[in-house]
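S.K.: this one's sequence-less:
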């Protein structure tokens, strides 16, 4: 093959490779959510109540312990699982019993879940129970939200204030 | 079954290989330098990345701002460097994928070569996180999507108790330290492992080609530069954790799995990823398990000259001090785990000469499956059987063109494990002792030898620049070497026909001269 033809062929090969790189590095565009959708993310960290009530140690029991370990209260470490339910417009989107983390089941329970929703008005219902003895400790929240397209609504939880939508 | 799977990429890539061969020639064909090109692109990534990092600020707001500064205010250098960084990374994925496909389809991953194949798989596990963390560092909307999707992917594994994705819920849940960690991973952590990984990958190869030919490197760099200037890499809008990104200009070379992840389960994704990696790792163990016996040294004939040591492409031969009574201080020793049974060592051995008048020809180092004495006897028998006025002996290799298809009244073909297995003395022997009019040598395409260097050594031995060399008293007109891929059979046949015609004319001229004399 003539030198000029070879140079032309090589230039074309480089150009084709460049075109492949230039195109596939940005196109076709990708949309993780549909055009008119918003995303609701339910995520928080919360420790359930202790499974057993703390017990007050007697004076004899305290005396039997080394001086640096004489804590008047004896508490079990294990915590209750946390039951969470999340519904939108009456339809349950997420419902789990979250086990406490850690080998002794004494850690925090975590939730992270997201669901796409069409933009517009929705009724959000939330429920949380963090006491395995069901002696109170139930949190419930209902709210009407107006979602914009592409909006990310985060639902958090704080035991002092309950569910927080932001 | 496996053969059919191997044949598919070979068939698909053949037109590309042939097309590039026509315009680049055998020396510069990028398909024969894919591994070296991948490493070259990583050099470009490294140099451009160091430049970008000089200006990069590892903080939530600083990351985006500094990349934008480089892209727009310093477009002539910083922007070009950023674009080079991206496009060279993408190019590396293309050459890496092709490199794997080519080696797989050619069967260069089995036997003693399992090590290079096996150590190449972890490189894939490093390259993709390297690219993904790079996109993450820009902290634009694409980075936001990648950050969340990657976190969700990692959260599916029982590693973190607190889901990593919670770091990207709201702007106040994100900290600058996270960018410091990412920058460390992208700039130091993963690249160090990658360099070690490449070193392991090449450990069992002698004279590993880590650099492409200069002209190919210059051409590739020029192509990347032109692309960087014509289509500079740009950022999306800055990340906003309150808005779900859409219409992302996606780098499909690195981010292809993400859309699949959006439509399926992260655990399924991990299962597929681990399963695919295991399948790739186990490929060298899948049947058919054929492994020719390794080269064997005959102490009585080995004089420790070291030619086999110098020529072995897989570092399977070493020289050790002798413990017997021989006057030679060293002896060749073959590591059977490293030996690919190519026979290049036998071709390099000075004792592999057919002129030796031994009843049982034994070479200093030889292949038990096809020893030198068998090559000699087959050459004799084949030439004796030829009836045509012009007799040509063809030596080919088992991995190139099927030379047996050339057998004819005047042509006898012998296929060797590798043409590097052919001691040059056999060419002289066929021409001077056995009555051949010409010797035609063919094998794998130049630069694409199945055993890496067999055709190169043959060229150099016949040209007289490598030992053992073809002696000068051989008429060079009667020796013809043509390299070609297995699919180049027709083209090589034309070369063979032209060679036979030339020999015929030479014979006629010679007879005429004799008659006149």
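M.R.: All right, it came through fine. Just so you know, these numbers come straight off a predicted model, no measurement behind them. Numbers count the residues shown, from 1 in each chain, chains lettered A, B, ... in the order given.

S.K.: which secondary structure elements does the strand or helix carrying residue A:60 sit against?
M.R.: Assessed by DSSP states H and E, residue A:60 sits inside helix A:59-64. Taking 3 or more CB pairs under 8 Å, 6 or more residues apart in numbering or on different chains; DSSP states H and E as contact, there are no helices or strands that helix A:59-64 lies on. Quick note: C-beta positions are derived from backbone N, CA and C, even for glycine.

S.K.: just checking, next helix/strand downstream of it?
M.R.: With DSSP H and E, the next secondary element past helix A:59-64 is strand A:73-74.

S.K.: helices and strands around that following strand, which ones?
M.R.: Against strand A:73-74 (3+ CB pairs under 8 Å, 6+ apart) you get strand A:55-56.

S.K.: note down every partner strand of the strand it packs on and its orientation.
M.R.: strand A:73-74 (antiparallel) (DSSP bridges).

S.K.: can the very next helix or strand once past the strand it pairs with be said to contact chain B?
M.R.: Next in sequence after strand A:73-74, counting helices and strands by DSSP H and E, comes strand A:82-88. No: Strand A:82-88 lies out of reach of chain B by CB under 8 Å from any CB of the partner chain, never closer than 13.8 Å.

S.K.: tell me the helix or strand right after strand A:82-88.
M.R.: Immediately after strand A:82-88, counting by DSSP H and E, sits strand A:91-98.

S.K.: what angle sits between that following strand and strand A:82-88?
M.R.: Strand A:91-98 runs at 170 degrees relative to strand A:82-88, counting by axes from the mean of the first three to the mean of the last three CA atoms, to 10 degrees.

S.K.: average pLDDT across the very next helix or strand once past strand A:91-98?
M.R.: With elements assigned by DSSP H and E, the helix or strand that comes after strand A:91-98 is strand A:109-118. In this model, strand A:109-118 has a mean pLDDT of 95.

S.K.: who does strand A:109-118 pair up with?
M.R.: By DSSP bridges, strand A:109-118 pairs with strand A:37-46 (antiparallel).

S.K.: how about the partner strand: buried residues?
M.R.: Judged by neighbour count using 16 or more other CB atoms under 10 Å in any protein chain shown, the buried positions of strand A:37-46 are A:37, A:38, A:39, A:40, A:41, A:42, A:43, A:44, A:45, A:46.

S.K.: also stretch B:216-231?
M.R.: Buried residues in stretch B:216-231 (16+ other CB under 10 Å): B:216, B:217, B:219, B:220, B:221, B:223, B:224, B:225, B:227, B:228, B:231.

S.K.: could you report the pLDDT at the residue in chain B that chain A sits nearest to?
M.R.: The nearest approach of chain B to chain A comes at residue B:23, 3.0 Å away (CB to the nearest CB). pLDDT, residue B:23: 95.

S.K.: element containing it, please.
M.R.: helix B:2-28.

S.K.: how far away from the center of its chain is that helix?
M.R.: 13 Å (CA atoms, centre = their mean, to the nearest Å).

S.K.: next: stretch B:289-300.
M.R.: For stretch B:289-300, the distance to the chain centre is 24 Å (CA atoms, centre = their mean).

S.K.: please point out which parts of that stretch sit buried.
M.R.: Buried, per 16+ other CB under 10 Å, within stretch B:289-300: B:292, B:294, B:295, B:296, B:297.

S.K.: phi, psi for the last one please.
M.R.: Comment: the main-chain dihedrals of residue B:297 come out as phi -100, psi 130, following degrees, to the nearest 10.

S.K.: residue B:91: neighbour count?
M.R.: 27 (other CB atoms under 10 Å in any protein chain shown).

S.K.: show me what contacts it?
M.R.: A:17, A:21, B:37, B:41, B:220, B:224 (CB atoms under 8 Å, 6 or more residues apart in numbering or on different chains).

S.K.: mind pulling up the pLDDT for the first one?
M.R.: Each residue has a pLDDT score; the one for residue A:17 is 98.

S.K.: near it, how many other residues are there?
M.R.: 19.

S.K.: check contacts around the residue nearest to it when sequence neighbours are not counted.
M.R.: Distance criterion CB to CB, 6 or more residues apart in numbering or on different chains; nearest residue to residue A:17, sequence neighbours excluded, is residue B:223 at 6.3 Å. Residue B:223 makes contact with A:14, A:15, A:17, A:18 under the criterion CB under 8 Å, 6+ apart.

S.K.: would a markdown table of those with distance to residue B:151 and secondary structure be doable?
M.R.: Shown next, in a markdown table, are the contacts of residue B:223 (distance: CB to CB, whole Å; DSSP: H, G, I helix; E, B strand; the rest coil):
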| residue | distance to residue B:151 | secondary structure |
| --- | --- | --- |
| A:14 | 38 | helix |
| A:15 | 39 | helix |
| A:17 | 34 | helix |
| A:18 | 34 | helix |
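
S.K.: name the nearest of these relative to residue B:248.
M.R.: residue A:18 (22.1 Å; CB to CB).

S.K.: straight-line length of stretch B:426-437, end to end?
M.R.: 14 Å (CA to CA, to the nearest Å).

S.K.: for the nearest residue in space to the residue of chain B closest to chain A that is not next to it in sequence, helix, strand, or coil?
M.R.: Spatially, and ignoring its direct neighbours in sequence, residue B:23 is nearest to residue A:9 (3.0 Å; CB to CB, 6+ apart). Here residue A:9 is helix, with the state taken from DSSP: H, G, I helix; E, B strand; the rest coil.

S.K.: residue A:9 and residue B:21 touch, don't they?
M.R.: No: contact criterion CB atoms under 8 Å: residue A:9 and residue B:21 do not qualify, at 10.5 Å.

S.K.: the more surrounded of those two?
M.R.: residue B:21 (21 against 16).

S.K.: OK, contacts around the more buried one?
M.R.: Contact analysis of residue B:21 by CB under 8 Å, 6+ apart lists B:29, B:31, B:445, B:485.

S.K.: can I get the residues you listed in TSV including secondary structure, pLDDT and neighbour count?
M.R.: TSV is the format used below for the contacts of residue B:21 (DSSP: H, G, I helix; E, B strand; the rest coil; pLDDT from 0 to 100; neighbours: other CB atoms under 10 Å in any protein chain shown):
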residue	secondary structure	pLDDT	neighbour count
B:29	coil	95	23
B:31	helix	95	22
B:445	coil	88	22
B:485	coil	86	22
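
S.K.: now, which of these lie close to chain A?
M.R.: Among those, no residue is within reach of chain A (CB under 8 Å from any CB).

S.K.: for burial, what's the neighbour tally of residue B:15?
M.R.: 10.

S.K.: for it, give me its contacts.
M.R.: Residue B:15 neighbours (CB under 8 Å, 6+ apart): none.

S.K.: again, but for the one 5 residues further on
M.R.: With contact taken as CB under 8 Å, 6+ apart, residue B:20 is in contact with A:13, B:29, B:30, B:31.
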